[in-house]
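Colleague: Got a predicted structure here, sequence first:
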Amino acid sequence: MTVADELVALLVARGLTVATAESLTGGAVCAELVSVPGASAVVRGGVVAYAADVKRDALGVPEALIASVGTVDAAVARAMAEGVRERLGADVGLATTGNAGPDPSEGKPVGRVHVAMATASGTEDWVLDLEGDRPTIRRSTVDVLLSQALARLAGPAGA
């Protein structure tokens, strides 16, 4: 059983829905979730917000925030998770933003990634410093975010 299988099963068992807001993963988190049979019961949808203006317009990330910190930042990941949760009407919002390379971007090194999870009880984020090539960084981001979401939602606080 994969982490995505476990997360979908947990969401089904708890009667929770999920939506994704993705930048560097380009929809891979949502694709991983919908690869699980029965995911339609819990997955509301996903927004691939690769460009800064899409983060702003589709997810409600404040323009002033992007202007001050760029798009590779914990606060941006948090705003993306909160925005997708609200705009798609989900119980859980998951978000990814970062630099998968091949070159530094916005002064951020290759492998610097921010992921976040928003629920009714609040928003958490994690900074990742990943190694490897672009596909490896993107795959690792999906794995870490789904694992973190599963651990947090399965824990005593739940969603």
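Modeller: That came in fine, so what should we check first?
Colleague: what are the phi and psi angles of the most centrally placed residue in the chain?
Modeller: Centre of the chain computed as the mean C-alpha position; nearest residue by Cα atoms, centre = their mean is Ala95, 2.0 Å away. The phi/psi pair for Ala95 (degrees, to the nearest 10) reads phi -140, psi 150.
Colleague: same check, this time on Glu124
Modeller: Per degrees, to the nearest 10, the backbone of Glu124 is at phi -120, psi 150.
Colleague: What sits closest to it if chain neighbours are left out?
Modeller: Nearest-residue entry for Glu124: Met117, 5.4 Å, with adjacent residues in sequence omitted and distances by Cβ to Cβ, 6 or more residues apart in numbering. The C-beta positions use only the backbone N, C-alpha and C, and glycine is treated the same way.
Colleague: How about Val18?
Modeller: In this structure, Val18 finds its nearest non-sequential neighbour in Val92, 4.4 Å apart by Cβ to Cβ, 6+ apart.
Colleague: Tell me how far the one you found lies from Thr17.
Modeller: Relative to Thr17, Val92 is positioned 7 Å away (Cβ to Cβ, to the nearest Å).
Colleague: Show the contacting residues for the residue nearest to Glu124.
Modeller: Counting by Cβ atoms under 8 Å, 6 or more residues apart in numbering, Met117 makes contact with 81, 92-95, 123-125, 145, 148-149, 152.
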